[in-house]
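Asks: give me coordinates for this.
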Amino acid sequence: MKLIESYILRRSFQMFLATLLPILAIIWTIQVLGRINLVTDTGQSIGSFITLASFILPTIIPVVMPFALVIGITQTLNAMNNDSELAVIDAAGSPRSVIYKPVLLLALLTALFSFGVTNFAEPLARVKAREMVAEAYADLLSSVIEEKTFRSIEKDLYVQISERHSGRILMGLFLVDYRDPNFEMIYYAKEGLIDEAGTTLTMRNGEVHRKTPDGRVSVIKFLSYAFDLSSMAESTGQAPVYSADRDLGFLLKPDPTDKYYVENPGSFHAELHRRLSDWMYPVTYALIALVIVGGARSHRRTRMHPMVLALVLAFMIRWLGFSLTNTAKNTDSYMAAIYAVPGVPGVIAAYLLASQKKLTLPASVNSFASRLYGKLQSRIMSLRKTGGA
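Replies: Below is the predicted model of the structure:
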C-alpha cells in the first residue's frame, strides 16, 4: 500500500473509531438503563447486571457501525479537501484509486466484522440474555419477594406471597394478571411450587376469577393449575426462541417440525435474508460517501456539509431496509428487495465513481439547504459568543 493510501486509511479509521465509540456508548447506556429494574426488582448482583449489559452490545454494533463509517469517511475527506490535500493529489496526477482503495478497504473490513457479529455473536448473546432474565424472574418469586407484600413483577402483573418454605414452595399465593386486554385474571391458591427449571409455577387448591371487558365474571376452582413463568418476561431461557435468536445454521436449514418455525416461517426467512444482507450496508455507505466527497471541490462558497447529505441518504436506505424486512415476514415476494435496498444504491454509486460523475442536488434544493445550513452555523456561532461572554 502506498504511503498516501496508508495515510488516508489511518485518518479514516481514527475518525471512524472517534465517532463509533461515543455513539455506541450513548446507545448502550440508554439500553442498559432500560433494564436497570432487573437489579432493583429481582435482587440480582451488579456483576449479573454488567454481564447482561454486555450481551446488549452485539445487537447494536452492526446497526451503529455503518453510520459511524459514513461520518468517518466524509469528515476525513472533507478535511483533506479543506486543507487542499485532495487538490494536490489530483495535481500530482495520482489516480482516484489512491483515494478509493483505503476507504473501500476500511468498508470491507467493517462489513466482515459486521457479518461475524450479526450471524454468530448476536444470536448467542440474545439467548444468553434471555436465560439470565428467566433465572432472575424465577429467583424473584422463589427467594426475593418479601412475604405478605404486594409486588409488581412487570407491567400489569402483580403477586403476593404469604409464606415461603424451602424447596421453592410458596404458601398463600395471590396473583393478578392484567396483561391480556381480553381478560382480567385473578388467581388464588393455598400452595404453589416452582419447578427446578424455573419455568412453571404449579398452584394447588385455589381458584381463578376471570373478568371480560363487558363485565362478566367467571370463577373456576382447581386442584392444580400450572402458570407459565416464561411468559412473565419478554424472553427467558426456557421461553420461545424466536427467529432473531436462532443461529445461522438453523436459519439456512430450519427444522420443519419446530413449533415456532411452523407458526411463523416468514419471520425466519426474513431474518435469514436480513443477516445475509446487513454486511452490504457499510460497503454501500462507503461508496455513497466517496461519490459525495471523494474528489477535490471548491470550498470558497457556503454550501451544505457533505456529511449531511451522506447521512440523509444513509438513514433513508436503512429505514427502507428495516421496513422491507418487517414486510417480508408476511410475504416471500419482498425477500429479494431486502438485498436490493443496499445493493442498488451501491451499484449506482459504483457506476458514478467509475464514470467520475458527482452526485449533486438540484440547484434550488442546494441553494435552500445552503441557506439553511448557513443560518444554522450563524446561530451556533452567536450562541457560542453569548455563552463566552
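
Asks: and Pro256, how many residues sit next to it?
Replies: Neighbour count of Pro256, defined by other CB atoms under 10 Å: 8. Every residue, glycine included, has its C-beta placed from N, CA and C.

Asks: mind telling me what element the residue nearest to Asp255 when sequence neighbours are not counted is part of?
Replies: The shortest distance from Asp255 to any non-neighbouring residue, by CB to CB, 6 or more residues apart in numbering, is to Tyr261 (6.4 Å). In this structure, Tyr261 sits in helix 259-263 according to DSSP states H and E.

Asks: what of Pro22?
Replies: helix 3-33.

Asks: same check, this time on Thr59
Replies: helix 57-82.

Asks: what does whichever helix or strand comes after that helix contact?
Replies: Counting by DSSP H and E, the next helix or strand C-terminal to helix 57-82 is helix 85-91. With CB atoms under 8 Å, 6 or more residues apart in numbering as the test, helix 85-91 has contacts from Ile4, Leu77, Met80, Asn81, Val98, Ile99, Gly295, Ala296, Arg297.

Asks: where does pLDDT dip in this structure?
Replies: 37-45, 134-146, 196-199, 228-241, 298-304, 358-370, 372-374, 377, 384-385, 387-389 (pLDDT under 70).

Asks: tell me the contacts of the residue nearest to Leu106 when sequence neighbours are not counted?
Replies: Distances taken as CB to CB, 6+ apart place Ser12 nearest to Leu106, at 5.4 Å, with adjacent residues excluded. Contact partners of Ser12, counting by CB under 8 Å, 6+ apart, are Gly72, Ile73, Thr76, Leu77, Pro102, Val103, Leu106.

Asks: just Thr325 next, same as before
Replies: By CB under 8 Å, 6+ apart, the neighbours of Thr325 are Ala270, His273, Arg274, Ile338.

Asks: now with 10 Å?
Replies: Ser267, Ala270, Glu271, His273, Arg274, Ser277, Asp278, Tyr334, Met335, Ala337, Ile338, Val341 (CB atoms under 10 Å, 6 or more residues apart in numbering).

Asks: Ala286 too?
Replies: 12, 66, 69-70, 72-73, 100, 103-108, 110-111, 294, 310, 346, 349.

Asks: with Leu248 instead?
Replies: Phe115, Thr118, Asn119, Phe120, Pro123, Glu271, Leu272, Arg275, Leu276.

Asks: got a PyMOL select line for the buried ones in the residues you listed?
Replies: Per 16 or more other CB atoms under 10 Å, the buried members of these correspond to this PyMOL selection:
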select buried, resi 115+118+119+123+271+272+275+276
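
Asks: closest to Thr327 among the contacts of Leu248?
Replies: Comparing the contacts of Leu248 against Thr327 with CB to CB places Glu271 closest, at 13.4 Å.
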